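Enquirer: okay, structure incoming, though there's no sequence with it:
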């Protein structure tokens, strides 16, 4: 038995990932990581009486190459005499319909397929091939998105499937580097397929892997992988402690809320917001924590408030809103040639006209933009920023959280919820006060009708 195989077996035992005689669904893409995982588990299967099934999901992102991956995995499963389970979906189409990034769409559809397949075959555990290099990349991804301690702690050896909490996900290779996995594949003559999208600069994870990390290793910290993994372990452990302490406090408060450590206060509020079905972010939690007794607007019909004892309650707003809250949504129809509207302390002038490509001849103003009217649609909604809003500014490859853009633009937290956001009737954000216009709504050579968007502050 080779060194890596022995270590993998030890990790499985130490972390109690797999039990003797159980069924395991192994997610196999056709790449080196998942094939090495399959090889290891299949090599140990007889010893531990495991019943292994292979699952492959075709994302339909690379045409014939995706089909070749699927055929390759099918043949490997046949060679090992293992049950083969297959699924596919048009990820690009789904991403467009749900207005999420391709990466997010692929992840959601893949997990849904794995969970469904596991249920259908009465399997409770899915094995994934994430490794140490994935952890390091994930750290920077989440750091850039402003994640807290739990997020920066990275993936766990065992977790629940996001598509079905009854399905466990296990990651037996989490302590192994990509270099070790590749060496094991060479030693054991494991043929694998390379995914060309792993080298595309369109995806942030790839830019971190192929550009940022090599630069850090060369210019700043050769041992960045080791130091990041150590930092993740520390952050995850400390966040876990804060979370456990918050849970215990919610069951039996033993200290005054304001005397709790700040990290625990935040966890207490986050847990209560989750139970209320409210998507929490740092700004929302901080507003509640620092302003006890003050209503904080979540959307047009819901506000939340935290009392001095740390208890969060939701307040449904019916009829006329309280004086301190202005209605935060205004629907406009764009069927006529021009119109005016006032919302959020701003005045808007909207003009629809045939696009003649002569915008460069117009005197440009700071508070003037142009959009493809057909992409915007016949009706728009003016409202304020809400937790979870995503936006793709012109020039960016994919949509990101508005919260992250506000942080990068150094917009103070207390001002963010008063900013005006314009969306399509289906929720697509095409304009945000103080930011660039939406990439998907810009004028192009194919534009037939343009929407002139003129705005100004209403004098107090």
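Expert: Right, received. Where do you want to start? Bear in mind that the values here come from a model prediction, so they are computed numbers and not experimental data. Residues are numbered from 1 along each chain as shown.

Enquirer: separation between the residue minimising distance to the centre of the chain and residue 123?
Expert: Closest residue to the average C-alpha location of the chain: residue 104 at 6.0 Å, with Cα atoms, centre = their mean. From residue 104 over to residue 123 the distance is 25 Å, taken as Cβ to Cβ, to the nearest Å. To be clear about C-beta, it is placed using only N, CA and C from the backbone, and glycine gets the same treatment.

Enquirer: before we move on, what about residue 224?
Expert: Distance of residue 224 to residue 123, computed by Cβ to Cβ: 37 Å.

Enquirer: which one's more surrounded, those two?
Expert: Of the pair residue 224 and residue 123, residue 123 is the one with more neighbours under other Cβ atoms under 10 Å, namely 22 against 18.

Enquirer: double-check that the more buried one belongs to a helix.
Expert: No - if the criterion is DSSP: H, G, I helix; E, B strand; the rest coil, then residue 123 is coil and not within a helix.

Enquirer: quick check: phi and psi on it?
Expert: When read as degrees, to the nearest 10, the backbone of residue 123 gives phi -110, psi 130.

Enquirer: do the same with residue 156
Expert: phi -100, psi 160.

Enquirer: just the one 10 residues further on next, same as before
Expert: When read as degrees, to the nearest 10, the backbone of residue 166 gives phi -80, psi -10.

Enquirer: show me what contacts the nearest residue to it once chain neighbours are set aside?
Expert: Sequence neighbours aside, residue 124 is the residue nearest to residue 166 in space, at 7.1 Å (criterion: Cβ to Cβ, 6 or more residues apart in numbering). Shown in contact with residue 124 (Cβ atoms under 8 Å, 6 or more residues apart in numbering): 22, 23, 118, 166, 167, 168.

Enquirer: among those, which ones are buried?
Expert: Among those, those buried by neighbour count (16 or more other Cβ atoms under 10 Å) are 118, 167, 168.

Enquirer: measure the residue nearest to the centre of the chain to residue 401 for me?
Expert: For residue 104, the distance to residue 401 - Cβ to Cβ - is 11 Å.

Enquirer: I'd like the buried ones among the contacts of residue 124 as JSON lines, with pLDDT appended.
Expert: Below are these laid out as JSON lines (pLDDT from 0 to 100):
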{"residue": "118", "pLDDT": "96"}
{"residue": "167", "pLDDT": "95"}
{"residue": "168", "pLDDT": "96"}
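
Enquirer: so which of those residues belong to helices?
Expert: residue 118 (DSSP state H).

Enquirer: tell me which of the buried ones among the contacts of residue 124 is nearest to residue 3?
Expert: Among the buried ones among the contacts of residue 124, residue 168 lies closest to residue 3 (Cβ to Cβ), at 27.2 Å.

Enquirer: show me what the closest one bridges to in the sheet.
Expert: For residue 168, the beta-bridge partners are residue 125, residue 160 (DSSP bridges).

Enquirer: buried sites along the least confident helix or strand in the chain by mean pLDDT?
Expert: Between all helices and strands in the chain, the lowest mean by mean pLDDT, DSSP states H and E belongs to strand 296-299, at a mean of 69. Within strand 296-299, the residues scored as buried using 16+ other Cβ under 10 Å are 296, 297, 298.

Enquirer: lovely, talk soon.
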